[in-house]
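Enquirer: generate coordinates for the sequence data below:
(one chain, ligands or ions: 1)
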Amino acid sequence: MLDNNFNDIIKEKFSGEVFETVSRVADEMHLECYAIGGYVRDIFLYRPSKDIDIVTVGKGIELAEAVKKALGKKTKLSVFKNFGTAQIKYKDTEIEFVGARKESYERNSRKPIVEDGTLEDDQNRRDFTINALAICLNKDRFGELLDPFGGLKDMENLIIRTPLDPDITFSDDPLRMLRAIRFSSQLGFDIEPETFDAITRNKERIEIISKERIIDELNKIILSPKPSIGFIQLDQTGLLQIIFPELVALKGAETKEGVGHKDNFYHTLIVLDNISKKTNDLWLRWAAILHDIAKPATKRWDNKLGWTFHNHNFIGEKMIPGIFRRLKLPLNEKMKYVQKMVTLHMRPQVLVDEEISDSAVRRLLFEAGDDIDDLMTLCQADITSKNPEKVHRYLRNFEIVHQKLKDIEEKDHVRNFQPPIKGEEIMEIFGLPPGKEVGRLKSSIKDAIMDGVIPNEYDAAYKYLVEKARKIGLEPKKNNL
Ligand code: CTP
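Expert: Residues are numbered from 1 along each chain as shown. Next up is the predicted model:
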């Protein structure tokens, strides 16, 4: 039984014009009608609830059409005949209507054979007990909770469990295996052992699911508060090897002549968790996942240096388009941003290790541009070690570099650096045609500014340019000062 507190919350969550209309129209049509799925679940989890799913016993589309009529002109209705569903958009609210269905799926396909059923049939075919709760919207039973599989109890115990035998639930729609792990990671729930074992058993069935649906779930795992929870379960069940083998390849720590290296899989997960405490940005989190992705490909044993991973940042940058294409992630500026983060991810750390010259800091600012703060966040998240003393020392040095970056940026404004003299102007001054010479003169100005030889100002750059040009026998044809 629900306590009064929940009864009040339910009343509040199902109040207002939309629910009143649905309830009245359903009664007029003599249709049983329930709210079900995520909207109901999130009420009990005190999460903000979004889209509303409504299930009727029979005639889902007809009910949606009648509700649209009753709500008036401002309502948008979309009907998906093939799926037997209809969607209404009214002000900020989105409601999906569906007629209750029997458990009836074609094997090897996600396309359901729509067969009318009772509410119980419909609850049976849902993914998890916590998503199968229904609340009646008909007037005489308004607010009544129907929880045939103990979803409420599972919520109290923080458990993800399928309503039916998990082998059946997962073979109906194998995406649910990823959804189980996604809910576990998002909500901090445990997957009940039988359900978990069934994921391991059925993992290969994920191959029939479209890449688009898979990446949606993977991105939700990545955006969860502690994404490592999801990734560890993806790995334990064997799903990760199928959908993202490059990440599994990071596993393991080899030792030679008593020298080991860190396990880059667990290191990557720590970096991902670290960064997730600082940002909700999906792409910066992707940069954390991919920052060491080329370590297996670049791993070498050097008799003097031990284990090395030379150029793993550059090779990693090159691996990213292939990974993004396969996973159906966007091949646009988001990908370029992730590539840039991966290429540059060691640069601030190098500054920490070496003596920090102004010139190196300016170059880093120039290359990172407006993404410098994100790069520093990634770099800080990358400081992981079992030795707290070491972490502490690194973080302290890192702060020094951060401060230096701020100081130089304030002084020199090189973040969005544009050379004060452009190529066309150099051609005009010396009467030169386009060519290598112009390019060389232009970069010599950039280098002089980066190295602090001249300030980032027009006059100084002009004088420097004329001097440089004279050394190669060029005289200005006009004076631009
Ligand atoms: N559902 C299901 N099997 C799936 C997807 C969805 O049984 N593969 C059911 C569940 O009852 C779920 C409901 O459809 O609660 C709505 O699905 P969806 O909107 O995808 O997810 P939500 O549970 O609402 O969660 P979220 O909004 O976080 O995705």
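
Enquirer: get me the contact residues on the stretch 51-200 of the chain for the ligand.
Expert: 53, 126-127, 131, 173, 175-176, 179 (CB under 6 Å from any ligand atom). All C-beta spots, glycine's among them, are computed from the backbone N, C-alpha and C.

Enquirer: okay, and which of those residues map to strands?
Expert: Asp53 (DSSP state E).

Enquirer: PyMOL command to pick out the buried ones of the residues of the stretch 51-200 of the chain next to the ligand?
Expert: Typed into PyMOL, the line below selects the buried ones among these, using 16 or more other CB atoms under 10 Å:
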select buried, resi 53+126+127+131+173+175+176+179
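
Enquirer: so can I have TSV of the residues of the stretch 51-200 of the chain next to the ligand showing distance to Leu158?
Expert: Putting those into TSV (distance: CB to CB, whole Å) gives the following:
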residue	distance to Leu158
Asp53	23
Arg126	19
Asp127	17
Asn131	15
Asp173	23
Leu175	22
Arg176	19
Arg179	16
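
Enquirer: of all the residues of the stretch 51-200 of the chain next to the ligand, which two lie farthest apart?
Expert: By the measure CB to CB, Asp53 and Leu175 form the most distant pair in those, at 16.8 Å.

Enquirer: so, low pLDDT: which residues of the stretch 301-450 of the chain?
Expert: For the stretch 301-450 of the chain, the stretches flagged by pLDDT under 70 are 352-354.

Enquirer: these two touch, right, Leu408 and Ser359?
Expert: Slight slip there: residue 408 is Ile, not Leu. No - counting by CB atoms under 8 Å, Ile408 stays clear of Ser359, with 9.7 Å between them.

Enquirer: neighbour count: the two, which is higher?
Expert: Neighbour comparison, Ile408 and Ser359: the larger count goes to Ile408, with 20 against 15 (by other CB atoms under 10 Å).

Enquirer: pretty sure the more buried one sits in a strand.
Expert: No - going by DSSP: H, G, I helix; E, B strand; the rest coil, the assignment for Ile408 is helix, not a strand.

Enquirer: the residue nearest to it when sequence neighbours are not counted: neighbour count?
Expert: For Ile408, ignoring the flanking residues on the chain, the nearest one in space by CB to CB, 6 or more residues apart in numbering is Val361 at 4.9 Å. Applying other CB under 10 Å, we find 24 residues neighbouring Val361.

Enquirer: report the contact partners of Val361.
Expert: 351, 401, 404-405, 408 (CB atoms under 8 Å, 6 or more residues apart in numbering).

Enquirer: format those as a markdown table; extra columns: secondary structure and distance to Pro420.
Expert: As requested, the contacts of Val361 are exported to a markdown table (DSSP: H, G, I helix; E, B strand; the rest coil; distance: CB to CB, whole Å):
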| residue | secondary structure | distance to Pro420 |
| --- | --- | --- |
| Leu351 | helix | 26 |
| Val401 | helix | 27 |
| Lys404 | helix | 24 |
| Leu405 | helix | 22 |
| Ile408 | helix | 18 |
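
Enquirer: closest one of those residues to Asn219?
Expert: Comparing every one of those with Asn219 (CB to CB), the shortest separation belongs to Leu405, at 30.6 Å.

Enquirer: grab the nearest non-local neighbour of that closest one.
Expert: Here the residue nearest Leu405, using CB to CB, 6+ apart, is Val361, at 5.9 Å.

Enquirer: can you name the residues that contact the residue nearest in space to the middle of the chain?
Expert: Ranked by distance to the mean C-alpha position of the chain (CA atoms, centre = their mean), the top residue is Leu282 at 3.4 Å. Leu282 makes contact with 219, 222-223, according to CB under 8 Å, 6+ apart.

Enquirer: if you look at the residues you listed, which of them are in helices?
Expert: Of the contacts of Leu282, the ones assigned to helices by DSSP state H are 219, 222.

Enquirer: buried members of the contacts of Leu282 into PyMOL, please.
Expert: Of the contacts of Leu282, the buried ones go into a single PyMOL selection, burial set by 16+ other CB under 10 Å:
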select buried, resi 219+222+223
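
Enquirer: Throw the contacts of Leu282 into CSV and include distance to Phe14, thanks.
Expert: Supplementary listing: the contacts of Leu282 in CSV, determined by distance: CB to CB, whole Å:
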residue, distance to Phe14
Asn219, 31
Ile222, 33
Leu223, 29
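
Enquirer: Ile229: which of the contacts of Leu282 is nearest?
Expert: Ile222 (11.5 Å).

Enquirer: what about the helices in the stretch 351-481 of the chain?
Expert: 358-368, 372-381, 388-412, 423-430, 436-450, 458-471 (DSSP state H, counting those that start in this stretch).

Enquirer: show me what the longest one is packed up against.
Expert: Right, helix 388-412. helix 347-353, helix 358-368, helix 372-381 (3 or more CB pairs under 8 Å, 6 or more residues apart in numbering; DSSP states H and E).

Enquirer: apply 6 Å and report the result again.
Expert: helix 347-353, helix 358-368 (3 or more CB pairs under 6 Å, 6 or more residues apart in numbering; DSSP states H and E).

Enquirer: again, but for the second one
Expert: Under the contact criterion of 3+ CB pairs under 6 Å, 6+ apart, helix 372-381 touches helix 264-276.
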